[in-house]
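1. coordinates only, sequence not included:
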């Protein structure tokens with residue numbers, strides 16, 4: 001298979017150059033192509049020679065990336081067309097064919113009026129979600145990931161020109177299989193994956209829950225097309241109920257979280273300097289129970305204090321702020337150990353810069369838990385073998401564990417109204433946790449995490465010499 005790379009032959013260290021490309025196939029074929037792309041050398045430093053972005057590059061020239069991709073695709077198409085014609089061709093033929101692909105108007109090549117493809121319509125749908133604010137920024141990114149996967153699926157299976165009407169129930173099932181096993185296609189279709197950041201290239205089998213989430217996003221898109229009478233019937237509704245349920249099926253392992261004594265174990269553990277920041281960040285996130293996207297944006301401006309001296313964190317949850325009716329802020333009181341972490345860190349944790357990767361936050365959480373000997377065995381399903389594994393908790397640690405831990409420990413501190421028989425399951429009368437006032441939440445959290453109750457002044461100084469009167473007449477001091 002042919003290989004196309006940038007061909008940089010310059011002694012310049014700054015400024016712009018015209019990009020050149022080289023196509024190689026085996027030892028017999030070597031073709032060069034000079035494009036009309038003016039590229040800044042500073043921008044080029046962020047790209048690999050195959051046109052893909054270098055690892056961990058998040059800020060780059062998007063127009064240049066698109067231009068490089070377009071040029072490479074035109075070269076590949078021109079080369080394969082010339083090969084298919086079965087005649088001898090040279091560099092001039094190659095350049096002419098590329099020019100015809102990139103600039104058809106110069107050769108009076110009349111394009112048939114284009115019908116909007118499935119990918120184009122899906123792209124418009126995603127832009128609409130962002131424009132009209134019907135989903136959160138994070139949810140819009142998930143739809144974009146689905147678009148990317150769908151585009152690779154359609155390209156690989158030669159269906160890139162499909163319209164929404166042409167997408168069948170069989171395509172849904174094939175796309176599901178593709179999402180789960182996409183890693184198997186990477187080596188065979190290097191051209192499709194060459195321009196992806198390396199962190200986005202699948203390397204292992206995805207879970208059925210991942211596939212289900214992608215299909216549900218696609219289903220929402222087709223539902224809208226049907227409601228707008230753009231298609232007669234969604235391909236999801238054309239599936240039998242049994243096949244649709246199977247395609248959208250989700251399976252979850254037994255929930256795992258840190259128990260109270262394990263949180264205490266981490267609190268009191270003496271960790272090396274390389275893990276001290278991770279320990280603080282992890283414990284504070286357990287105390288707040290917020291999602292990683294919200295945690296990253298917290299600063300001292302998110303701190304407030306009640307009239308009776310209880311400090312708390314307030315923020316609009318990123319995931320739901322565009323969909324909830326009242327845009328109610330999440331307010332979480334700061335337990336004593338959380339306040340101490342906030343005061344010495346001001347929410348500035350370098351370890352949060354990268355969540356994933358070998359040296360990211362999640363990886364360091366695993367190291368922290370392993371160092372603290374959090375090795376209780378938990379269940380984890382192995383998609384590849386179809387078996388349930390028993391693995392040490394530290395091996396599956398991540399930022400999600402913080403939220404699970406916060407919710408579980410807090411929940412166990414509440415009276416279970418279902419068990420008393422006073423209310424039916426699902427009754428709104430037991431939805432206490434989200435309706436409690438800050439003082440009640442503070443009492444609940446301090447009881448759950450075995451922390452002393454306290455009060456602060458407006459500068460967050462702890463008031464050691466004042467007794468804090470509680471509703472039941474008891475007092476608590478630090």
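-> Good, I have the coordinates. Computed from a predicted model, the values in this text were never measured in an experiment.
2. now do residue 382 against residue 331, distance only.
-> Distance, residue 382 to residue 331, by Cβ to Cβ, to the nearest Å: 40 Å. Every C-beta, even on glycine, is put in place using the N, C-alpha and C of the backbone.
3. out of the two, which sits in the busier spot?
-> residue 331 (15 against 11; other Cβ atoms under 10 Å).
4. could you list every residue that touches residue 51?
-> Contacts for residue 51 (Cβ atoms under 8 Å, 6 or more residues apart in numbering) come out as 4-6, 65, 68-69, 72, 194-195.
5. which of the residues you listed are buried?
-> 4, 6, 65, 68, 72, 194-195 (16 or more other Cβ atoms under 10 Å).
6. which two of these have the greatest separation?
-> Spanning the widest gap among the buried ones among the contacts of residue 51 are 4 and 65, at 14.9 Å by Cβ to Cβ.
7. give me the pLDDT value at the residue lying closest to residue 457 once chain neighbours are set aside.
-> Spatial nearest neighbour of residue 457, excluding adjacent residues (Cβ to Cβ, 6 or more residues apart in numbering): residue 463 at 6.2 Å. If you check residue 463, the pLDDT there is 88.
8. report how many residues lie close to residue 463.
-> Around residue 463 there are 14 residues (other Cβ under 10 Å).
9. tell me the contacts of it?
-> By Cβ under 8 Å, 6+ apart, residue 463 lies in contact with 309, 454-457.
10. and which of those is nearest to residue 151?
-> residue 456 (52.8 Å).
11. three-state assignment of the spatially most central residue of the chain?
-> Residue closest to the average C-alpha location in the chain (Cα atoms, centre = their mean): residue 142, at 6.8 Å. State at residue 142, reduced to three classes by DSSP: H, G, I helix; E, B strand; the rest coil: helix.
12. buried residues in the longest strand belonging to the chain, which are they?
-> If you go by DSSP state E, the chain has its longest strand at strand 29-40. Applying a neighbour-count criterion of 16+ other Cβ under 10 Å, the buried positions in strand 29-40 are 31, 33, 35, 37, 39.
13. just the pLDDT for the last one.
-> Think residue 39. Here, the pLDDT recorded for residue 39 equals 93.
14. measure the nearest residue to residue 442 once chain neighbours are set aside to residue 374 for me?
-> Using Cβ to Cβ, 6+ apart and skipping the chain neighbours, the partner closest in space to residue 442 is residue 333 (3.8 Å). Computed as Cβ to Cβ, the residue 333 to residue 374 distance reads 26 Å.
15. how near is the nearest residue to residue 152 once chain neighbours are set aside to residue 102?
-> In space, and not counting its chain neighbours, residue 152 is closest to residue 192: 5.5 Å by Cβ to Cβ, 6+ apart. Distance, residue 192 to residue 102, using Cβ to Cβ: 20 Å.
16. which strands and helices sit next to the helix or strand where residue 129 lies?
-> Using DSSP states H and E, residue 129 maps to helix 118-132. Counting contacts by 3 or more Cβ pairs under 8 Å, 6 or more residues apart in numbering; DSSP states H and E, helix 118-132 packs against helix 137-156, helix 208-227.
17. and the first one, what does it pack onto?
-> If you count contacts as 3+ Cβ pairs under 8 Å, 6+ apart, helix 137-156 packs onto helix 118-132, helix 169-181, helix 190-193, helix 208-227.
18. got CSV for the ones you listed, with distance to residue 370 and mean pLDDT too?
-> Output for the helices and strands packed on helix 137-156, formatted as CSV (distance: least, Cβ to Cβ, whole Å; pLDDT from 0 to 100):
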stretch, distance to residue 370, mean pLDDT
helix 118-132, 40, 85
helix 169-181, 30, 94
helix 190-193, 33, 82
helix 208-227, 26, 92
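19. figure out which of those is closest to residue 437.
-> Proximity to residue 437, assessed across these by Cβ to Cβ, is greatest for helix 118-132 (34.5 Å).
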